[in-house]
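Asker: Sequence unavailable; structure follows:
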């Protein structure tokens, strides 16, 4: 069988940090005979060589290649590509790891599209992730119609012959920005790039010794000499104009101005700041045209202006101000929707300073400017920064992020922006809208995994992005509306809670540590007025929620206890605890009823008092409030229709299946009219 994928891993003295990587490769769903793993040992001085050789003997699809130390990952990757037998190659670093289904999904997407490059969604608990690249799956795109330039790490899948035919190879030896150079050289000739955004494929994992690749302090002259090579590739493959400016602006904003920004620049001593500026300015002069500068957001444009004027201390002062800018979001409302999504309504803005004051703008002569208070000590007297054309660029988003794995999913959200007067010609931009948080997933993506999921609100404007946690500032009624939910099949608890001490909204999915009993305690328990004994909890559910088995505990006045079988079922958007109609073997009398909603070893939720009659019949205390009559009517009507449908299927199903197709369709239509 031909090899589909060759996984290439440069290795140097990895110690324990390679274990998650190896484990993830052994857990791949792609059959072992369909992929190979090439560990390229770059002259390790510990026992790595012996470990890799032993691993290769144990697993036939693993290979260990040993080379003299080159000091950098470039040469091992090149050797790996040269040795690869796979249709595609996947680069992985020794201290990262893959999701179990990553290779299969990436290969399938690449193979069906004839892709030159396949980019899988990534997660990181220590480095930035370009979430905008992964908002959706893209079967086919190129650098001209997708923001590929925001994803310049090499941990992707490449068609092997594409790399060889285009002579795409890493520069070898110690250097910086080799990944950016490699990726830009690959993106331009790539005719088809695919993006798998609906499955997290690759995990960057922070080392507890702080020695992740790229963590060392840069030497400016070498770093920006290497960046010049990347910019040369951009210029060589584009014509002057908007597209070239777009690409150059990305490198100007991130690798150049980013190094003169908070928090880094606030830690530089004067000599290092001088060294940094003197290395950056030649690139600014040679590549960053007025089109590049003018396309920056207002706050970034101020930084660019200061660099152009060589005002180094003003850069530091402005960074100090910029470090005080934060995103602020107020939680206005939450409400579970019939489809199982949580509608989260917020208002958001940019603020600054210890007291989170509004990031003010100034109205003057029909234009809007950055407020002079923010730039008076860095720009010339009376110099204003016009932001009129940027007011429409203020945006807010919403995302759901796993606190432990750092997997992040974008939530569908719609916002409107409003310019709000603050007096004395000052104003601010406020964003208001609602996001849809989907713990059970959306089209193309399944349910989120078990764990703690935090809600974040990124706020964009004037060239900055600030992410805000949600919940510490909230409307008074929100706490009561944050009811827990039971969703899915099999059903899982989704518990909304506010963190202590910060008060931020988090979803505990599938009882990571929170319990339904804790968050239902004190919430109303109601009874159905007739029929089977049944209690309505303040627990959201939906029709697709599977019934959930639970133990019911009866406790007598003398301390005796009996356990009865119970079930939580969906009824009219809530979970109903269904009691058995008779309690066999339980003595007649009054009993306290509780439910073990979180498993037999967890605390039980006190529900109400019940009476067991002489014939064993269970009767709920009349002291328990009755469910709203409209809810009762709706529930009973649905039950009657469901019962009729079951009877029709049982009795008429075998007959109908033998009828001709037109007759089947007529009877189906009639049945729908009868039972809905």
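Answerer: Everything's here; your move. Remember, it's a predicted structure, so these values are computed and weren't measured experimentally.
Asker: Residue 129 is in contact with residue 408, isn't it?
Answerer: Yes. Counting by C-beta atoms under 8 Å, residue 408 is a contact partner of residue 129 at 7.0 Å. (C-beta placed from N, C-alpha, C; glycine too.)
Asker: Between these two, which contacts overlap?
Answerer: Jointly contacting residue 129 and residue 408 under the rule C-beta atoms under 8 Å, 6 or more residues apart in numbering are residue 123.
Asker: ends of stretch 654-666, how far apart?
Answerer: 16 Å (C-alpha to C-alpha, to the nearest Å).
Asker: From residue 267, how far out is residue 114?
Answerer: From residue 114 across to residue 267, the span is 47 Å (C-beta to C-beta, to the nearest Å).
Asker: If you could redo that for residue 74, that was the one I meant.
Answerer: 29 Å.
Asker: Please say which of the two ends up with more neighbours.
Answerer: Neighbours were counted for residue 74 and for residue 267 using other C-beta atoms under 10 Å; residue 74 has more, 23 against 9.
Asker: Next one: that one from residue 81, what distance?
Answerer: The value you get for residue 74 to residue 81, if C-beta to C-beta is used, is 11 Å.
Asker: swap in residue 496?
Answerer: Residue 496 is 48 Å from residue 81, by C-beta to C-beta.
Asker: Not counting its neighbours along the chain, what's nearest the residue sitting nearest the centre point of the chain?
Answerer: In the chain, the residue lying closest to the centroid (C-alpha atoms, centre = their mean) is residue 408, at 1.1 Å. Among residues not flanking residue 408 along the chain, residue 401 sits closest, at 4.3 Å (C-beta to C-beta, 6 or more residues apart in numbering).
Asker: Find me the pLDDT at the one you found, would you?
Answerer: Residue 401 is assigned 97 on the pLDDT scale.
Asker: Check whether it sits in a helix, strand or coil.
Answerer: When classified by DSSP: H, G, I helix; E, B strand; the rest coil, residue 401 comes out as strand.
Asker: now the helices: where do they sit in the stretch 301-450 of the chain?
Answerer: 312-322 (DSSP state H, counting those that start in this stretch).
Asker: ok, now the stretch 51-200 of the chain?
Answerer: Using DSSP H, counting those that start in this stretch, helices in the stretch 51-200 of the chain cover 74-83, 102-113, 160-165, 178-187.
Asker: looking at these, which is buried most?
Answerer: Highest mean neighbour count of those: helix 178-187, a mean of 22 (counted as mean count of other C-beta atoms under 10 Å).
Asker: other SSEs contacting it?
Answerer: Counting contacts by 3 or more C-beta pairs under 8 Å, 6 or more residues apart in numbering; DSSP states H and E, helix 178-187 packs against helix 220-236.
Asker: for this protein, which spans come out with low pLDDT?
Answerer: Scanning the chain with the threshold set as pLDDT under 70 gives 1, 212-215, 635-636, 638-648, 651-653, 655-656, 667, 670-676.
Asker: one more time with 80, if that's ok
Answerer: 1, 208-216, 530-531, 632-676 (pLDDT under 80).
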